[in-house]
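Engineer: Okay, sequence plus prediction incoming.
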Amino acid sequence: MKVIKTILVFALIALIMIQFVRTERNDAGYESIAYFEAETKPSEATSAILKKHCYDCHSDQTTYPWYAEFSPVNYWLEDHIKEGKKHFNASAWENYSIKQRDHKLEELIEMVEEGEMPLDSYTWLHGELPETEKAQLLQWANLTRLKYRSQIEVSLK
């Protein structure tokens, strides 16, 4: 019993100490997605969907929930955001080639259609992406892809 008590005391001390080690914040502001929105031209409603469900993990702007102030949750969120940005980062859109932009949207469509996005860990806390919003997001992404596909075809001629 003494060993368990000692382990619990050390665990509590460690938990308290990690509260003072802050993670890097992802808060460049929504101006970081200005190029993406100017380029892809989402409607106001689609832009609102992206802001509500996508940009927190897929741009340089994250609106952190209250529980992000506590460790180890903040470390988990930081890793989650870095991983999301690695796959699709709206703030880095101008750095992608036309082919990469097309491919990123193709992956977005695939992930949303297959129910892999948003992630379960997101929907547990924020709720599912409503079917109407999912359809609107997919329509926008497919139309935007058409623009990129035509640009790729022109460049191949």
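Structural biologist: Done, it's in.
Engineer: And the residue nearest the centre of this structure?
Structural biologist: What sits nearest the mean C-alpha location of the chain, by Cα atoms, centre = their mean, is Cys57, with 2.1 Å.
Engineer: Give me the distance between that one and Leu50.
Structural biologist: Look at Cys57 and Leu50: by Cβ to Cβ, to the nearest Å, they are 11 Å apart. All C-beta spots, glycine's among them, are computed from the backbone N, C-alpha and C.
Engineer: What segments of this structure are helices?
Structural biologist: Using DSSP state H, the helices found in the chain span residues 2-18, 34-40, 44-53, 55-58, 73-87, 98-113, 120-126, 131-156.
Engineer: Determine which stretch of these is the most buried.
Structural biologist: Stretch with highest mean neighbour count among the helices of the chain: helix 55-58 (a mean of 23; mean count of other Cβ atoms under 10 Å).
Engineer: mind checking how far the residue nearest to the centre of the chain is from Ala34?
Structural biologist: For Cys57, the distance to Ala34 - Cβ to Cβ - is 19 Å.
Engineer: wait, doesn't Gln151 sit right on Lys99?
Structural biologist: No. The pair formed by Gln151 and Lys99 falls short of the contact definition of Cβ atoms under 8 Å, at 9.3 Å.
Engineer: Quick check: pLDDT value at the residue nearest to the centre of the chain.
Structural biologist: At Cys57 the predicted local distance difference test score is 87.
Engineer: and it, what does it touch?
Structural biologist: His80, Ile81, Gly84, Lys85, Tyr122 (Cβ atoms under 8 Å, 6 or more residues apart in numbering).
Engineer: Go again with 6 Å.
Structural biologist: For Cys57, the contacting residues are Ile81, Gly84, by Cβ atoms under 6 Å, 6 or more residues apart in numbering.
Engineer: distance of it from Tyr64?
Structural biologist: Using Cβ to Cβ, we find Cys57 at a distance of 11 Å from Tyr64.
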